[in-house]
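**Student:** Everything below, folded, please.
(chains A and B)
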Amino acid sequence: MKEIYAVLTLAYRDLLKLLRDPTRLISELMFPLLFIVILGGSLQSSFGTGTNFDYVAFIFTGVFAQTLFQSASMGVISLIDDRENDFSQEVFVSPISRYTIILGKIFGETLVAMTQALGILVFGFLAGVHFSFVQLIGLAWTGVVTCLFGAAFGVIILSNLNNRRTADQVFPYIMLPQFFLAGVFNPIQALPWYLDFLSRISPMRYAVDLTRDLFYAGRADSVHAILQSTTYNLTLMTIAFLVFLFIGTFLFVRKEQNR
Amino acid sequence: MQPIIEVENLTKRYRSAKQNAVDGISFSVSAGEFFTLLGPNGAGKTTTISILTTTLNPTSGAAHIAGYDIRGEASQVRQNIGIIFQQPSLDFNLTAEENVRFHAVLYGLYPFRPTFSSMPITYKNQVSELAALLGLEQEMGKAVKKFSGGMRRKLEIIRSLLHEPSVLFLDEPTSGLDPVSRRTLWEYLRQVRRERGTTIFLTTHYLDEAEEADQTCIINHGHIVARGSPEQVKAQLTETYLLIDAADRNQLRGELHRLKVKFTETTSFKINVKGGEIQNLLKTIETPLTLVKTHDPSLEDAYLEIIKES
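**Tutor:** Down below sits the predicted model:
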């Protein structure tokens, strides 16, 4: 019970920190806003009308998954400098297990990212994306799945990094290619074999595709947006989640004390 | 009496380092004692504290706190200690009470509740009692970012005492505080010791902060260079003596023998006397003196000397 209370406390602390920091709240919504409104809007008016393809909806779903995935994984990676920072120092010397800390962080960053998800939904709506109540429910649960998956991805990255500087240097190279390989903005249904291979090993791809599975269900243009089925994506994500989580936590805990 | 902290041959070498950050140190601290680990920056103080508080594994050696092994029983060790870090360990955007509450839940004292008002009454009483002790009752609902440096330190003390630790570790708690805050912080620590009998383990590079300790260890380059009560360390480190010389050294030597004064003769005559004895001795010497010099270093001089030597 003690460990469950600890997980709740850690997660609640992450959410509260976000809500008490309006500047951060706004800045974290800037990129999704730019992508959906400007990128989506311009692609739509340049290509969309001729091809009958709904670019705004495509980019909206891509950015929705990408933002949650990235936000959750970055949040978890922040554990790397937390040993010297604010209340987190306290967390690391409290009598709770390291696994509890990782779990609390994963749930905390999921809550933080889901707060952002609300903002993205609003941008999508303003940019002209229409969604039904069923689609909204779909986005809500794929959102949670994506956050948990992104956070677990963060754990495995975290376990292989030594300090904040390396993290800052490496992170763009891990994240940015995935934007394109996962098809956040660009359709990736036809790719040369080497790009197809890289795309298939990009975790973000499955989060983006799962989101589109749900959003495009029953729509005529779904064939142009969806890659694999919900079951396929969910199965792969579950396996990868468990692998990332257990190996990552194990490595992190070991490394943390043997500096 | 069983010591509350026992350190044997503790050694730490960081993975990328060529030298040991802490090199085979041993000491013990009795329950209720005020212990200081003194040393310049980079001496190995924070490394020692990190090992004792179980956030860092030692390369070799052993340590026990309240009878628990720091390696095998880390969780029990953690339950028994409180820590005040060098860097403030508070969430600035949260209120003082939230910082305290999250600590309390992590230490398993109370169940998790999202608001202060939904917390158990025992918690509320404990917090207001501690806040009153340190004079922060009015401030607990405010965001920590509005606090001064001294208030933040006080809040950290309140928080660290919540789970009634038997040892309170403080890692250079006064660095960055103004003299007034420093002094009040000391008063609070004294009060805590008096009222709760908490063992205090403090690292500092300010010598005057070690003066009140029951036991002090001076550490440099990972080695203990002096230890004991401040008086003992002072006696160990400082040597008070009188240097005299005369044009006629034979006459002076003879006179000192006659007066039965012990001395060592080098480039001058070194006599171990201090205080009022110096004047009495000088009054009795009739040989014309060419040199009279007293050597009476402060503890700080001695500390600087020993740090330079080792």
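**Student:** my guess is B:I157 contacts B:Y188, does it?
**Tutor:** Yes: with contacts counted by Cβ atoms under 8 Å, B:I157 reaches B:Y188, the gap being 6.3 Å. Bear in mind the C-beta positions are built from the backbone N, C-alpha and C, glycine included.
**Student:** Compare these two and say which is more crowded by neighbours.
**Tutor:** Just comparing B:I157 and B:Y188: by other Cβ atoms under 10 Å in any protein chain shown the higher neighbour count belongs to B:I157, 22 against 16.
**Student:** my hunch is that B:T290 is in a strand, does that hold up?
**Tutor:** Yes: if the criterion is DSSP: H, G, I helix; E, B strand; the rest coil, then B:T290 is within a strand.
**Student:** distance of it from B:N280?
**Tutor:** 21 Å (Cβ to Cβ, to the nearest Å).
**Student:** Next: B:L37.
**Tutor:** Distance of B:L37 to B:N280, given as Cβ to Cβ: 40 Å.
**Student:** Comparing those two, which residue is more hemmed in?
**Tutor:** Summary of the neighbour comparison: B:L37 and B:N280, criterion other Cβ under 10 Å, with B:L37 having more neighbours (29 against 10).
**Student:** Show residues contacting stretch A:70-77.
**Tutor:** Residues from elsewhere that reach stretch A:70-77, judged by Cβ atoms under 8 Å, 6 or more residues apart in numbering or on different chains: A:14, A:28, A:102, A:105-106, A:108-110, A:112-113, A:116, A:146-151, A:153-155, A:157-158, A:161, A:167, A:171, A:175, A:204.
**Student:** The residues you listed in helices, which ones?
**Tutor:** When DSSP state H is applied, those are split such that A:14, A:28, A:102, A:105-106, A:108-110, A:112-113, A:116, A:146-151, A:153-155, A:157-158, A:167, A:171, A:175, A:204 fall in helices.
**Student:** Filter those residues down to the buried ones.
**Tutor:** Burial of these was assessed by neighbour count (16 or more other Cβ atoms under 10 Å in any protein chain shown); the buried members are A:14, A:28, A:102, A:105-106, A:108-110, A:112-113, A:116, A:146-151, A:153-155, A:157-158, A:167, A:171, A:175, A:204.
**Student:** okay, now A:G41: neighbour count?
**Tutor:** Other residues within reach of A:G41, judged by other Cβ under 10 Å, total 16.
**Student:** my guess is it meets A:L126, correct?
**Tutor:** No: with contact defined as Cβ under 8 Å, A:G41 does not reach A:L126; the gap is 10.5 Å.
**Student:** For the chain, give me the ranges with low pLDDT.
**Tutor:** By default, I'm working from chain A. Across chain A, residues meeting the criterion (pLDDT under 70) sit at A:48, A:50, A:82-84, A:257, A:259.
**Student:** Oops, wrong one, chain B.
**Tutor:** Where chain B drops to pLDDT under 70, the residues are B:1, B:299, B:309-310.
**Student:** Longest helix in it, please.
**Tutor:** In terms of residue count, the longest helix belonging to chain B (DSSP H) is helix B:179-196.
**Student:** Check which element follows that one along the chain.
**Tutor:** Moving toward the C-terminus from helix B:179-196, the next helix or strand (DSSP states H and E) is strand B:199-204.
**Student:** Tell me what angle that following strand forms with helix B:179-196.
**Tutor:** Comparing the axes of strand B:199-204 and helix B:179-196 via axes from the mean of the first three to the mean of the last three Cα atoms, to 10 degrees yields an angle of 160 degrees.
**Student:** Strand B:199-204: which residues count as buried?
**Tutor:** Of all the residues in strand B:199-204, those buried under the rule 16+ other Cβ under 10 Å are B:199-204.
**Student:** if I pick the closest residue to B:L162 other than its chain neighbours, what's in contact with it?
**Tutor:** Computed as Cβ to Cβ, 6 or more residues apart in numbering or on different chains, the closest residue to B:L162 that is not its neighbour in sequence is B:A104, at 5.4 Å. Under the criterion of Cβ under 8 Å, 6+ apart, the neighbours of B:A104 are B:110, B:123, B:162-163.
**Student:** same thing but 10 Å
**Tutor:** With contact set as Cβ atoms under 10 Å, 6 or more residues apart in numbering or on different chains, B:A104 has these partners: A:5, A:9, B:110-112, B:119, B:123, B:126-127, B:159, B:162-163.
**Student:** Could you do B:F269 as well?
**Tutor:** If you count contacts by Cβ under 10 Å, 6+ apart, B:F269 has them with B:241-246, B:249, B:252-253, B:256, B:261, B:263, B:289, B:291.
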